[in-house]
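Chemist: Got a sequence here, can you build the structure:
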Amino acid sequence: MKKALKMTLMVDGKEKTFTERFIPAKRILEALNLISSDPNQLMTDIFEDRVKFLANVFTDKEVTEDLIWEGFNALDFDVQTFNLICEVAGVDPKNVTTEPVKE
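Modeler: Model (predicted):
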């Protein structure tokens, strides 16, 4: 059975779930790059990159960067966007190291 990516946003005061059933495999590479972002990168840049990526993954014209910014709760924005990107990449977010690795 084919899996679908689902993103629930607050739209006009109500929760609305957007579903994407087909995501081109090349998006995996983009998602992996977002997951392994530079630890010196500003959080604002990381968040903007995540929102832009998600807006491009969903083909529904209603899903825009503005809708994503307005539709996610700030209190769990980081976790929700990260988990969606991990899902596209096929990576379990629990297995992702977020701290820099010392060599």
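Chemist: So what touches the lengthiest helix in the chain?
Modeler: If you go by DSSP state H, the chain has its longest helix at helix 43-57. Under the contact criterion Cβ atoms under 8 Å, 6 or more residues apart in numbering, helix 43-57 has outside partners 5, 7, 20, 23, 27, 30-31, 34, 37, 63-65, 67-69, 77-78, 81-82, 84-85, 88. (C-beta placed from N, C-alpha, C; glycine too.)
Chemist: following it, which helix or strand shows up next?
Modeler: helix 65-71 (DSSP states H and E).
Chemist: thinking again about what came up before, sort out which of the contacts of helix 43-57 are in strands and list them.
Modeler: Taking DSSP state E, the ones among the contacts of helix 43-57 that sit in strands are 5, 7, 20.
Chemist: From the residues you listed, pick the one nearest residue 42.
Modeler: Taking Cβ to Cβ as the measure, residue 7 is the one of the ones in strands among the contacts of helix 43-57 closest to residue 42, at 24.0 Å.
Chemist: Count residues in the vicinity of the closest one, would you?
Modeler: Using other Cβ atoms under 10 Å, the number of residues around residue 7 comes to 21.
Chemist: That one - nearest residue in space that isn't next to it in sequence?
Modeler: Counting by Cβ to Cβ, 6 or more residues apart in numbering, residue 7 lies nearest to residue 18, which is 5.0 Å off, once chain neighbours are set aside.
Chemist: quick revisit: pLDDT and distance to residue 42 for the ones in strands among the contacts of helix 43-57 - can I get that in TSV?
Modeler: Formatted as TSV, the ones in strands among the contacts of helix 43-57 follow (pLDDT from 0 to 100; distance: Cβ to Cβ, whole Å):
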residue	pLDDT	distance to residue 42
5	97	27
7	98	24
20	98	28
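Chemist: With distance to residue 43 as added columns, please give those in CSV.
Modeler: Output for these, formatted as CSV (distance: Cβ to Cβ, whole Å):
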residue, distance to residue 43
5, 24
7, 21
20, 26
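Chemist: What is the nearest of those to residue 73?
Modeler: Set against residue 73, the nearest of the ones in strands among the contacts of helix 43-57 by Cβ to Cβ is residue 7 (12.7 Å).
Chemist: and the gap between that closest one and residue 36?
Modeler: Using Cβ to Cβ, to the nearest Å, residue 7 is found at 22 Å from residue 36.
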